[in-house]
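[1] Okay, sequence plus prediction incoming.
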Amino acid sequence: MARLRDDEALHDLSAELAALGPLTLRQRAIVRALTVASRVLRVRAIARDRAAFAARMAPPGPRDRTIDTVPHPAVDDATRAIFERMGVAGPFRFASASEATDLKQHLKAIMANTHNPLFQAVRARDPEGAAALAGRDDIFRAFNAHMYDPTTRVALSQPSIVDPLAALMGTDHLACWRSQVFQQRPGHRTTLHQNVAFPEAFGHQSLTLRPGHTFRPHHNLNAWVSLSRAGTDNGCLVVLGGSFRDTRVYDLGSYFARHPTALLTCMAFFPTHEVEQMLALLLFTSGNHRGVTKLMLRLADFFHDDLFAHEVERCDFVCEPGEFWVFSNFNMHGSMPSTTDEERFTLVGRYVNEDVLDVGDNRVRLNFGRPLDFAPTDVGWQPLARPMRHVSAA
């Protein structure tokens, strides 16, 4: 944890505040009012020690932090053993370098096309939001391309990806429920973070745990498919292998999302000037992995003296075009700043074990000024991408 604390500069929020920029008069008034509220809660906070306060922040559902894989020709025994210990496996070969380049260009064309199905779905419900999206050079333009683009769906359904995932998940009943693209640009980075209990912890019911099952780290896996070279110099993904055993950073954020008053009480442990900084980032930062994620990591470090005290190993996802890594969302992951002008372009498929998790109608929720909510089938999209062998047998 000491190295993580230094690498992330947890006690220095200046860069995140600078990215936020100056607050408006209204925003400053809100911060001041909530700071006063936090001070009022101080007596409540200091009446119990940190450990007692943190003990309430347990995860809301059944969870087991062990991983069990199954033998499969696509993954050797040594790789499975490493995955069970670290929650990370790879690199695997997805496609040739030329095929990866073709897929990258295809996805960029989708992003550049303001008539693609994503824009059409947004425009039908929120014309102003569609205009805002059209004016942004944003990776979000290719969000969930597997739902409406046959090329992306086939890519994320083929055996070269799903066979290793089936072995690591311990099931043949898996599906890609989300897909995204990422472009790492010079100087940019993503703070280390965890994604554990899915969006339903924040009111999104697309994915729910089936009755009688327990949620485990390998029931939700990411295929991190590199469509360009990825190295430490151009900001490749960094995963803290083994950190899936300690989800208290995520649990803290999930608890605060459901109990905002507890967040103000938590801040009462800190000096007033720090509370003001924290509130500014929590309320007004742009992009969840800028200030908010770093702040949750800092708060978890404050409340848990033994955070990540077990074996944790840094894994740099270095790979060539057409290769991919697999990792559990339970693991802390992010990226370091790119120090070159070379773009890193990645397609990510997020997969679930359908024996354990019910995807339902896999609703899409977007927000470009006002929330949008629709089922993929309502607009003629495919809600899931499943292995090609299952598709052909259907």
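    Cool, the structure landed.

[2] Can you get me a residue count around residue 96?
    Residues lying near residue 96 (other CB atoms under 10 Å) number 11. Where C-beta positions appear, they are placed from N, C-alpha and C, glycine not excepted.

[3] hang on, isn't it packed against residue 323?
    No - the criterion here is CB atoms under 8 Å, and residue 96 misses it with residue 323 at 10.5 Å.

[4] dump the residue contacts of residue 148.
    If you count contacts by CB atoms under 8 Å, 6 or more residues apart in numbering, residue 148 has them with 116-118, 380-382.

[5] so where's this structure uncertain?
    Within the chain, the stretches with pLDDT under 70 are 1, 7, 42-53, 56-62, 135-137, 197-206, 286-290, 369, 389-394.

[6] tell me the SS of the residue nearest the centre of it?
    Against the mean C-alpha coordinate of the chain, by CA atoms, centre = their mean, the closest residue is residue 195 at 5.0 Å. Here residue 195 is recorded as coil under DSSP: H, G, I helix; E, B strand; the rest coil.

[7] From residue 333, how far out is it?
    8 Å (CB to CB, to the nearest Å).

[8] ok, and what's touching the helix or strand in which residue 121 is found?
    Assigning secondary structure by DSSP states H and E places residue 121 in helix 117-125. Under the criterion CB under 8 Å, 6+ apart, residues 113, 129-130, 133-134, 141-145, 147-149, 364, 366, 368, 372, 374, 379-381 lie in contact with helix 117-125.

[9] Just the CA atoms of that helix, as PDB, please.
    Provided in PDB are the C-alpha atoms of helix 117-125 (Å, rounded to 0.1, in the frame of the first residue of the first chain):
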ATOM      1  CA  PRO A 117     -27.300   3.600 -34.300                       C
ATOM      2  CA  LEU A 118     -26.100   5.100 -31.000                       C
ATOM      3  CA  PHE A 119     -26.600   8.600 -32.200                       C
ATOM      4  CA  GLN A 120     -30.000   7.700 -33.700                       C
ATOM      5  CA  ALA A 121     -31.100   6.200 -30.400                       C
ATOM      6  CA  VAL A 122     -30.000   9.300 -28.400                       C
ATOM      7  CA  ARG A 123     -31.400  11.700 -31.000                       C
ATOM      8  CA  ALA A 124     -34.900  10.100 -30.800                       C
ATOM      9  CA  ARG A 125     -35.000  10.700 -27.100                       C
END
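
[10] In helices, which of the contacts of helix 117-125 fall?
    129-130, 133-134, 145, 147-148 (DSSP state H).

[11] Which of these are buried? Put it as a PyMOL command.
    Entered in PyMOL, the line below selects the buried ones among the ones in helices among the contacts of helix 117-125, by 16 or more other CB atoms under 10 Å:
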select buried, resi 129+130+133+145+147+148
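
[12] For residue 134, give me its contacts.
    With the criterion set at CB under 8 Å, 6+ apart, residue 134 makes contact with 114, 119.

[13] quick one on the thing from earlier: what's the farthest-apart pair in the ones in helices among the contacts of helix 117-125?
    Based on CB to CB, the longest span within the ones in helices among the contacts of helix 117-125 runs between 134 and 147 and measures 19.5 Å.

[14] in stretch 21-40, what counts as buried?
    Residues 23, 30-31, 34-35, 37-38 are the ones in stretch 21-40 that count as buried (16+ other CB under 10 Å).

[15] From residue 102, how far out is the nearest residue to residue 350 once chain neighbours are set aside?
    Excluding the flanking residues, the one nearest residue 350 by CB to CB, 6 or more residues apart in numbering is residue 178, at 4.0 Å. Computed as CB to CB, the residue 178 to residue 102 distance reads 23 Å.

[16] More neighbours: those two, which one.
    Higher neighbour count among residue 178 and residue 102: residue 178, with 22 against 14, using other CB under 10 Å.

[17] Could you confirm that one falls within a helix?
    No - looking at residue 178 with three-state DSSP, it is strand, so not inside a helix.

[18] Okay, and residue 265 sits in which element?
    Under DSSP H and E, the secondary-structure element containing residue 265 is helix 260-267.

[19] Tell me where this protein has strands.
    88-93, 174-184, 190-193, 208-209, 220-226, 237-241, 313-316, 323-328, 332-335, 344-353, 357-358, 364-367, 371-374 (DSSP state E).

[20] can you redo those as TSV with distance to residue 4?
    Below are the strands of the chain laid out as TSV (distance: least, CB to CB, whole Å):
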stretch	distance to residue 4
strand 88-93	16
strand 174-184	21
strand 190-193	7
strand 208-209	30
strand 220-226	21
strand 237-241	7
strand 313-316	9
strand 323-328	17
strand 332-335	8
strand 344-353	22
strand 357-358	29
strand 364-367	31
strand 371-374	34
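
[21] what about those, which gets the closest to residue 248?
    Smallest distance to residue 248 across the strands of the chain (CB to CB): 11.0 Å, for strand 332-335.

[22] The closest one pairs with which strands?
    Partners of strand 332-335 in the sheet, by DSSP bridges, are strand 190-193 (antiparallel), strand 237-241 (antiparallel).

[23] Can I get stretch 186-200 as CSV, trimmed to CA atoms?
    Presented in CSV, the C-alpha positions along stretch 186-200 are these (Å, rounded to 0.1, in the frame of the first residue of the first chain):
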residue,chain,number,x,y,z
PRO,A,186,-0.1,11.8,-24.4
GLY,A,187,-0.1,12.8,-20.8
HIS,A,188,-3.4,11.2,-20.0
ARG,A,189,-3.9,8.4,-17.4
THR,A,190,-6.6,6.7,-15.5
THR,A,191,-6.5,6.4,-11.7
LEU,A,192,-6.5,2.9,-10.3
HIS,A,193,-10.0,1.8,-9.4
GLN,A,194,-12.2,-1.2,-8.9
ASN,A,195,-15.5,-2.2,-10.4
VAL,A,196,-17.1,-5.0,-8.4
ALA,A,197,-20.9,-5.1,-7.8
PHE,A,198,-22.1,-3.8,-11.1
PRO,A,199,-24.3,-0.7,-11.6
GLU,A,200,-27.3,-2.2,-9.7
